[in-house]
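Participant: Kindly return the folded structure for what I paste below:
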Amino acid sequence: MSLTLFGSIGLTRPVLATNPDFAVSANPSSVVIPLGYWAETMFTITSLNGFTGTIRLSAPVGGRTGLAGAGFSTGMTLNPDGSVNTDLQLTPGTTPGNYDLNVTATVGSVSHFLVIPVTVLPVSGPDFTTRLWGSYSTLQDWDISIQEQLVSVGGFKGQVTLSATVTPNIPNVPAFSFLPSIVDLSAGTPAVYTAIVSTTMLTPVGNYIVAVTATDGTISHVYQAIMMVGDYRPQSEQPGPGNSTTTGNGQPSTSAATNILSPFGNASSALSTLRSFWWLQTIIGLSIVSLVVYRRRPALSRV
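Facilitator: Sure thing, here's the model as predicted:
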């Protein structure tokens, strides 16, 4: 018996791009915003094949987008084969409907754009929301405490449980907790809670993503923010790099959270130190004034 095979089978490898470039993405890829409130999505720029440079973002808003504002970080640098995240803070206009937000990222002479579908809906039932800071900045071996608010939507009343996860999940990752972790929320009265970020001397320097889950057991929402950890430095050193936040039309923010002051004793000197070595984030369209208290852990006594 003989077996004859006709033709041939070829195995080919996918052709990968070899030129330096970058990619853009958003998580979530589409956004639903309650009319009169806000929403966010994490925008990511990823270097391909060693691409590097200063990032410029553009997110025009107006009637065609259904948005009154879109806030994001500025002055970001894309490192070779690295990635950069910025939290897009989106404030809706006054007309419900389905829209598209075009976000353009430019690095050097290369530009890529991403279309983010945006749905603006009227409030149809009891719900709740919270607006995180777009980013938290701290140093190794520091604690920061940030006052934030939960807001009732459509007459919601009940208990909301807060929890958080930090990525990447690596050894000595910053700890993120809440006080209280269960918040009693009533209609018409925002509930204040405190977000606490803690690091140690072993916490790796770099950027992290914080995903905060708020749930009453039936309704659940996940909110994202960026956490930046800088290396610890003595207070006598000179200021480090700064950063700012801009609106979608390129104008600086005039948010109430632009100036952050602390009336608590030595917290002001600690805040001054932190401002010297890391940048503070301004939130677009923030309707509350957040109070940030920074303190360094007391030094351990040595024998």
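Participant: what's the distance between the nearest residue to residue 152 once chain neighbours are set aside and residue 153?
Facilitator: In this structure, residue 152 finds its nearest non-sequential neighbour in residue 187, 4.7 Å apart by Cβ to Cβ, 6 or more residues apart in numbering. Heads up, the C-betas are built off the backbone N, CA and C, glycines and all. The span separating residue 187 from residue 153 equals 9 Å under the rule Cβ to Cβ, to the nearest Å.
Participant: do residue 159 as well
Facilitator: To residue 153, residue 159 is 16 Å away according to Cβ to Cβ.
Participant: With residue 170 instead?
Facilitator: Counting by Cβ to Cβ - residue 170 and residue 153 are separated by 36 Å.
Participant: Find the least confident helix or strand in this structure, judged by mean pLDDT.
Facilitator: The weakest-scoring helix or strand in the chain, judged by mean pLDDT, DSSP states H and E, is helix 267-277 (a mean of 32).
Participant: For the helix or strand containing residue 138, name the packing helices and strands.
Facilitator: Secondary structure assigned from DSSP states H and E places residue 138 in strand 135-139. Of the remaining helices and strands, those touching strand 135-139 by 3 or more Cβ pairs under 8 Å, 6 or more residues apart in numbering; DSSP states H and E are strand 142-153, strand 191-198, strand 220-230, helix 267-277.
Participant: ok, now with 7 Å
Facilitator: strand 142-153, strand 220-230, helix 267-277 (3 or more Cβ pairs under 7 Å, 6 or more residues apart in numbering; DSSP states H and E).
Participant: List the neighbouring strands of it plus their orientation.
Facilitator: strand 220-230 (parallel) (DSSP bridges).
Participant: contacting residues around the strand it pairs with?
Facilitator: Under the contact criterion Cβ atoms under 7 Å, 6 or more residues apart in numbering, strand 220-230 has outside partners 40, 42, 85, 87, 129-130, 132-140, 166, 174, 197, 199, 203, 205-214, 277-278.
Participant: Run the angle between it and strand 191-198 for me.
Facilitator: 40 degrees (axes from the mean of the first three to the mean of the last three Cα atoms, to 10 degrees).
Participant: Now strand 220-230: buried residues?
Facilitator: Neighbour counts over strand 220-230 (16 or more other Cβ atoms under 10 Å) mark 223, 224, 225, 226, 227, 228, 229, 230 as buried.
Participant: Using PDB, write out every CA atom in that strand.
Facilitator: Provided in PDB are the C-alpha atoms of strand 220-230 (Å, rounded to 0.1, in the frame of the first residue of the first chain):
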ATOM      1  CA  SER A 220     -21.500  47.600  42.100                       C
ATOM      2  CA  HIS A 221     -19.200  50.200  40.500                       C
ATOM      3  CA  VAL A 222     -15.500  50.100  39.900                       C
ATOM      4  CA  TYR A 223     -13.500  53.300  39.800                       C
ATOM      5  CA  GLN A 224      -9.800  53.500  38.800                       C
ATOM      6  CA  ALA A 225      -7.000  55.900  39.700                       C
ATOM      7  CA  ILE A 226      -3.300  56.200  39.300                       C
ATOM      8  CA  MET A 227      -0.900  55.900  42.400                       C
ATOM      9  CA  MET A 228       2.600  57.200  42.000                       C
ATOM     10  CA  VAL A 229       5.300  56.300  44.500                       C
ATOM     11  CA  GLY A 230       8.600  58.200  44.500                       C
END
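Participant: relative to strand 142-153, how tilted is it?
Facilitator: Using the same axes, to 10 degrees, strand 220-230 lies at 160 degrees relative to strand 142-153.
Participant: distance between strand 220-230 and the chain's centre?
Facilitator: 5 Å (Cα atoms, centre = their mean, to the nearest Å).
Participant: Same question for stretch 182-195.
Facilitator: For stretch 182-195, the distance to the chain centre is 21 Å (Cα atoms, centre = their mean).
Participant: From what I see, residue 21 and residue 50 are in contact.
Facilitator: No: counting by Cβ atoms under 7 Å, residue 21 does not reach residue 50; the two are 9.6 Å apart.
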